[in-house]
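>>> The sequence and its predicted three-dimensional model are supplied below.
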Amino acid sequence: MNKQKNAFIAIGLMLFALFFGAGNLIFPPYLGQQAGTNTIPAMVGFLITGCGLPLLGVVSVGWSGKNLQGMGARVAPWYGIFMVAAISLTIGPFFAIPRTCSTSYEMSVVPILGSFGQAGLFVYSLLFFALTWWLSVSPSKLVDRVGKLLTPIMLVLLFALFAAYLFAPLGEWQAPSDMKKYGDGFTAFSSGFIEGYNTMDGLAGLLFGILVVDAVRLTGRTDPHAIAGDTLRSGVVAMFFMCIIYVFLGFIGASSVVPLGMQENGAPLLVGSMNWYFGAAGPLLLSVIVLLACLTTSIGLVASVSALFHALVPSVSTKTFVTVFSLLSCGIANFGLTTIIKAAVPVLVFLYPLTVALIILTFLNGAFRGSPLVHRTATLFTFFPALYDGLAVLDAVPESVVSVMNALPLAQYGLAWFPIFAAGFLLGWLLYLASGRKPSEEYAGKE
């Protein structure tokens, strides 16, 4: 029993490290500095999408007993492949993995050694992804390498910063700097909710879920209910640490306005905080934290994306995919952090509604016995507002369409897609009832 308990704790620490990258360090303190005295409601919204959605994504994989492709295939076989490719490439070699490298270079290397220009980033990216390849080529060893080694080191360094804050806060919380987004509790909550998308963890949860399930199975679990239970416990462990860190980072940001001034993003804010508390040792400590956070996330993403693509193309080994994605990520990382972040935004706002819809449908699947009518109708209704959100970021939508979308419920909070999804789900449910409650093949075989 104790061995099993220790196992899911180690898996939870592994999962925490896989989720927790440099973006997770940057966004919460900047949110706190922007929200000021409304940091608490803003942070509640941030925690829902920054911790709640990733947890639901991981648990949905254990709950369904299927990987991302299998979950998406309940809509249609092609949709399962589309979701695997779209989410994997977004959270993988196109955006998130290269971002871990370029961010760690900017925050770990440049503050200590100075900038060496494009040549410095090129050399660093080669070393970074060589290490990523070695640590992710054997997913069965992720728990030992990440959960039991790298994660505790990172946590100790982070909690040293939090202890310093508890004993001596930077300063008083100030009024919100952006009254339109954080002027009152409700707008602060909704703005924090949307800001949580930037972590990309809601998407990554569906990818990391397969690693958690495989790790649970390696402990000897075979019963589907036991696997789902341990997946949930591991997810709770990971999100417990995520929530604590997010809250402290948000509070640090909220108290930093007077001593550090308003910052353009969370990176200089963190550097200033570390300098404030630890003097000359601050940049070095922050460099270690950021490097460990980025490296562990890169490892998890390369391993999980490679496992999913191997499931799509079994004739190509996981090791081959690890090699290909490491090389591709290395190349894209050299475009620089600003370019990567800017290019990712329209893709993220398109994929997030589809991902949340898939998670909701997965948990409710048994209620309508896997009926394809419900899955397809709800997904179809979600697709168009999600596509609109992505195109709107690029200013590629006619003004007449913008006016219609802005008139929808929750549009002012960037959530117009949700009532449309709900309408699609309700219509699909009515069609399911009208069809005589006809189940999917998955459920028909059990009746």
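Sure thing, it's come through. The model shown is predicted, which means the values in this text are computed figures rather than measured ones.
>>> Spatially, what comes nearest to residue 286 if we skip its sequence neighbours?
Once flanking residues are discounted, residue 286 sits nearest to residue 274: 4.5 Å by CB to CB, 6 or more residues apart in numbering. Where you see a C-beta, it was placed from the backbone N, CA and C, and this is true even at glycine.
>>> Now that neighbour: which helix or strand?
helix 266-278 (DSSP states H and E).
>>> list the helices and strands that helix packs on?
Applying 3 or more CB pairs under 8 Å, 6 or more residues apart in numbering; DSSP states H and E, one finds that helix 266-278 makes contact with helix 22-35, helix 151-167, helix 224-254, helix 257-260, helix 282-312.
>>> from those, which stretch is densest packed?
helix 22-35 (a mean of 26; mean count of other CB atoms under 10 Å).
>>> of all the helices and strands packed on helix 266-278, which lies closest to residue 211?
Smallest distance to residue 211 across the helices and strands packed on helix 266-278 (CB to CB): 5.2 Å, for helix 282-312.
>>> can you give me the mean pLDDT across the strand or helix carrying residue 386?
Under the criterion of DSSP H and E, residue 386 resides in helix 372-393. Helix 372-393 shows a mean pLDDT of 94.
>>> Equivalent analysis for stretch 327-339, please.
Per-region confidence: stretch 327-339 scores 90 on mean pLDDT.
>>> cool, and stretch 82-101?
89.
>>> Grab the nearest non-local neighbour of the residue nearest to the spatial centre of the chain.
Compute the mean C-alpha point of the chain, and by CA atoms, centre = their mean the closest residue is residue 201, 0.8 Å away. Counting by CB to CB, 6+ apart, residue 54 is the residue found nearest to residue 201 once chain neighbours are left out, at 4.0 Å.
>>> tell me the contacts of residue 272?
Going by CB atoms under 8 Å, 6 or more residues apart in numbering, residue 272 touches 256, 259, 260, 263.
>>> Point me to the residue sitting farthest from the middle of the protein.
Outermost residue of the chain (CA atoms, centre = their mean): residue 436, 39.1 Å.
>>> Please identify which helix or strand holds that residue.
Using DSSP H and E, no helix or strand contains residue 436.
>>> Look up how far residue 240 lies from it.
For residue 436, the distance to residue 240 (CB to CB, to the nearest Å) stands at 45 Å.
>>> Kindly report the same for residue 47.
Relative to residue 240, and taking CB to CB, residue 47 is found at 11 Å.
>>> Same question for residue 421.
Distance of residue 421 to residue 240, given as CB to CB: 29 Å.
>>> same deal with residue 277?
24 Å.
>>> same deal with residue 46?
For residue 46 relative to residue 240 (CB to CB), the value is 16 Å.
>>> Hey, what's the angle from the helix or strand containing residue 10 to helix 224-254? Just curious.
Assigned by DSSP H and E, residue 10 belongs to helix 2-19. Between the axes of helix 2-19 and helix 224-254, defined by axes from the mean of the first three to the mean of the last three CA atoms, to 10 degrees, the angle is 50 degrees.
>>> Now helix 2-19: average pLDDT?
When pLDDT is averaged along helix 2-19, the result is 73.
>>> tell me the angle it makes with helix 151-167.
70 degrees.
>>> Mind listing what's buried along helix 2-19?
7, 8, 10, 11, 12, 13, 14, 15, 16, 17, 18, 19 (16 or more other CB atoms under 10 Å).
>>> Pull the distance from it to the chain's centre.
When C-alpha coordinates are averaged (CA atoms, centre = their mean, to the nearest Å), helix 2-19 and its chain have centres 18 Å apart.
>>> Can I get it in CSV, CA atoms only?
Extracted C-alpha coordinates of helix 2-19, given in CSV (Å, rounded to 0.1, in the frame of the first residue of the first chain):
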residue,chain,number,x,y,z
ASN,A,2,2.8,2.4,0.9
LYS,A,3,4.6,1.5,-2.2
GLN,A,4,1.6,2.3,-4.3
LYS,A,5,1.1,5.6,-2.4
ASN,A,6,4.6,6.6,-3.1
ALA,A,7,4.2,5.6,-6.7
PHE,A,8,1.4,8.0,-7.5
ILE,A,9,3.1,10.8,-5.6
ALA,A,10,6.2,10.3,-7.7
ILE,A,11,4.0,10.2,-10.9
GLY,A,12,2.3,13.4,-9.7
LEU,A,13,5.6,15.2,-9.3
MET,A,14,6.6,14.0,-12.7
LEU,A,15,3.4,15.4,-14.1
PHE,A,16,3.9,18.7,-12.3
ALA,A,17,7.3,19.1,-13.8
LEU,A,18,6.1,18.2,-17.3
PHE,A,19,3.4,20.9,-17.1
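>>> Can you spell out which helices and strands pack onto that helix?
helix 151-167, helix 201-218, helix 224-254, helix 282-312.
>>> In a markdown table, list the contacts of residue 272 along with distance to residue 295 and pLDDT.
As requested, the contacts of residue 272 are arranged in a markdown table below (distance: CB to CB, whole Å; pLDDT from 0 to 100):
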| residue | distance to residue 295 | pLDDT |
| --- | --- | --- |
| 256 | 27 | 88 |
| 259 | 31 | 87 |
| 260 | 27 | 85 |
| 263 | 25 | 79 |
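>>> Measure how buried residue 49 is and give me the count.
Using other CB atoms under 10 Å, the number of residues around residue 49 comes to 21.
>>> Could you check how far it is from residue 246?
From residue 49 to residue 246 the distance is 11 Å (CB to CB).
>>> ditto for residue 322
30 Å.
>>> For residue 83, give me its contacts.
Neighbours of residue 83 in contact, by CB under 8 Å, 6+ apart: 68, 69, 71, 72, 354, 355, 358.
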